[in-house]
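Q: I would like to see how this sequence folds:
(one chain, ligands or ions: 1)
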Amino acid sequence: MADKIKTPRTKEMEFGGFLGASALIFLLPGTVLYLLLTCNTSDASLLRLPGPLPSLESLWNPFALVVLLGWVALQALLYMLPMGKIAEGITLRDNTRLKYKINAFQAFLVTTIIAGVAVVLQLPLSYVYDHFLQFAVASALLSLALSIFLYMKSLTAPESALAPGGNSGNPVYDFFIGHELNPRIGSFDLKYFCELRPGLIGWCLINLCFLMKEIELRGSPSLSMILVCGFQALYVTDALWHEEAILTTMDIVHDGFGFMLAFGDLCWVPFTYSLQAYFLVSHPQELSTVVAVVIIFIDALGYIIFRGSNSQKNAFRRNPSDPSVAGLETIPTATGKRLLVSGWWGLVRHPNYLGDLIMALAWSLPCGVSHILPYFYVIYFTGLLIHREARDEHQCLKKYGLAWQEYCRRVPYRIFPYIY
Ligand code: NDP
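A: As a prediction, this is how the structure comes out:
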């Protein structure tokens with residue numbers, strides 16, 4: 001039966017189609033390498049031209065790969081343990097719903113305990129800082145190997161299991177975007193596992209290793225480092241606590257699992273999102289209490305908007321008569337679903353992106369204003385969310401037609417009130 005339901009051919013290619021996808025396969029790992037190498041220089045200037053290629057020994061360390069594989073295996077084991085609840089994903093084209101284990105927060109708690117024991121036993125966590133480039137290279141190779149495996153696997157998957165966005169027939173494009181929507185080995189969902197666990201929890205652990213390196217070098221962690229690690233730990237904890245919410249995101253519902261997400265989850269997130277903490281180890285910054293308080297206020301403001309808007313929409317989508325959202329103004333759509341036009345979703349059309357970007361700024365500010373490198377995240381993330389917003393807007397216009405146009409008329413700004 002499932003075999004009879006075919007996934008239509010992808011007609012509209014994103015990211016510049018075949019050429020864009022081919023370029024990004026090289027550009028993304030190249031950017032990670034460039035950022036980390038630049039961060040290691042004394043002036044950390046993004047304007048510096050790439051120097052001579054680093055030696056093979058500085059890039060490749062089999063031990064880093066072994067540690068990385070051990071890390072992914074630990075997270076896979078925690079994922080499979082019978083803890084947490086089971087939730088159902090959205091209804092698929094063949095009318096089935098996949099089951100997902102919701103236990104990322106528990107996995108994070110267990111990992112935190114293990115990390116705490118490592119700190120108490122004074123294990124050399126600063127090794128991760130000293131060999132960071134080698135870990136990044138090992139992680140890029142691991143994501144490449146995973147993407148090749150995923151593409152090969154997708155060639156034997158039933159037609160109904162392919163991703164609507166990654167079925168163009170062009171092997172390079174489909175390899176990049178992801179050919180199969182929800183690749184699984186038994187009940188182990190590869191995309192869902194990679195989305196939040198090894199990379200996101202790994203990001204926090206990497207930050208902890210950098211903090212330990214600072215202690216090793218200077219006797220105690222700096223206020224800047226504490227703020228960066230604290231803000232980012234809050235963000236990761238929030239994402240893991242609300243793990244179920246990713247079941248309705250574009251990544252799970254629409255995008256296949258290919259190089260883009262595999263590399264993004266396993267290499268890009270842990271090795272570029274930790275750039276501020278990496279920068280602070282080699283470029284210490286003095287921060288006054290007043291400036292620290294202002295930065296904490298900015299992060300808190302971003303978090304309130306981000307969490308408030310995401311929770312409001314989730315509550316509304318789960319149950320529109322929920323007392324927390326029942327009083328909000330809405331517009332009906334032909335699909336039967338309604339769109340919020342007051343509350344956070346009446347401020348701009350993507351208030352959750354606005355909050356996320358304010359937080360991103362707060363993570364960079366503790367690194368001072370003398371370098372642009374620690375602001376890489378907020379600059380890249382602005383581009384990513386503007387592009388993501390355009391993709392979502394396109395999908396919503398297709399889904400809701402006139403009702404979406406009416407929403408755009410009532411709420412004219414996309415992300416930044418009165419600006420964009
Ligand atoms: P969103 O949570 O923004 O969801 C978009 C969907 O919400 C739309 O497709 C539509 O779906 C629904 N929607 C839009 N407008 C309305 C409305 N007015 N009323 C009711 N429903 C509406 O999607 P994302 O997955 O992009 O973002 C989720 C979170 O993840 C965000 O906070 C984002 O900032 C964050 N994020 C973080 C990243 C990172 O690397 N740190 C990367 C990407 C995202 P429908 O109508 O079908 O329900």
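Q: So for the closest residue to the ligand within the stretch 151-300 of the chain, what's the pLDDT?
A: Closest contact between the stretch 151-300 of the chain and the ligand, by CB to the nearest ligand atom, is at T249 (3.6 Å). Just so you know, the C-beta spots here come from the backbone N, C-alpha and C atoms, and that holds for glycine as well. What the model reports as pLDDT for T249 is 82.
Q: Tell me the secondary structure at A87.
A: In three-state terms, and counting by DSSP: H, G, I helix; E, B strand; the rest coil, A87 is strand.
Q: Bridge partners for it, pull those for me.
A: Taking DSSP bridges as the rule, A87 bridges to Y100.
Q: how about the residues of the stretch 201-350 of the chain that lie near the ligand?
A: 249-250, 306, 310, 313, 316-317, 337, 339-340, 345, 350 (CB under 6 Å from any ligand atom).
Q: What is the most widely separated pair among the residues you listed?
A: Spatially, the most separated pair among those is F306 and K337, at 22.8 Å (CB to CB).
Q: Looking at those two, which has the bigger crowd around it?
A: F306 (22 against 14; other CB atoms under 10 Å).
Q: Find the nearest non-adjacent residue to the more buried one, please.
A: G355 (2.9 Å; CB to CB, 6 or more residues apart in numbering).
Q: what do you get for S187?
A: K99 (7.3 Å).
Q: Can you report how many residues neighbour the one you found?
A: The burial count for K99: 11, using other CB under 10 Å.
Q: Tell me if I'm right that it and I86 touch.
A: Yes. Judged on CB atoms under 8 Å, K99 makes contact with I86 at a distance of 5.2 Å.
Q: Can you give me every residue that contacts T31?
A: T272 (CB atoms under 8 Å, 6 or more residues apart in numbering).
Q: In this structure, where's the longest helix?
A: Longest helix in the chain, counting residues (DSSP state H): helix 289-318.
Q: Name the surrounding residues that touch the helix or strand of the chain with the lowest mean pLDDT.
A: Using mean pLDDT, DSSP states H and E, the weakest-scoring helix or strand in the chain turns out to be helix 250-253, at a mean of 84. Helix 250-253 is contacted from outside by 89-90, 182, 191-192, 195, 246-247, 261, 388, 391-392, 395, using CB under 8 Å, 6+ apart.
Q: Need the buried ones from the residues you listed selected in ChimeraX.
A: The following ChimeraX line selects those of the contacts of helix 250-253 that are buried, judged by 16 or more other CB atoms under 10 Å:
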select :89,182,191,192,195,246,247,261,392
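Q: pLDDT check: weakest of the contacts of helix 250-253?
A: Within the contacts of helix 250-253, pLDDT reaches its minimum at I90, with 81.
Q: Now do the same contact list for that residue.
A: Contacts of I90 were listed using CB under 8 Å, 6+ apart, and they are 97, 247-248, 253.
Q: Quickly find the element holding it.
A: Using DSSP states H and E, I90 falls within no helix or strand.
Q: Got phi/psi on the closest residue to T7 other than its chain neighbours?
A: Closest residue to T7 apart from its sequence neighbours, by CB to CB, 6+ apart: L162 at 4.0 Å. As for L162, its main-chain torsions (degrees, to the nearest 10) stand at phi -80, psi 160.
Q: For burial, what's the neighbour tally of L162?
A: 23.
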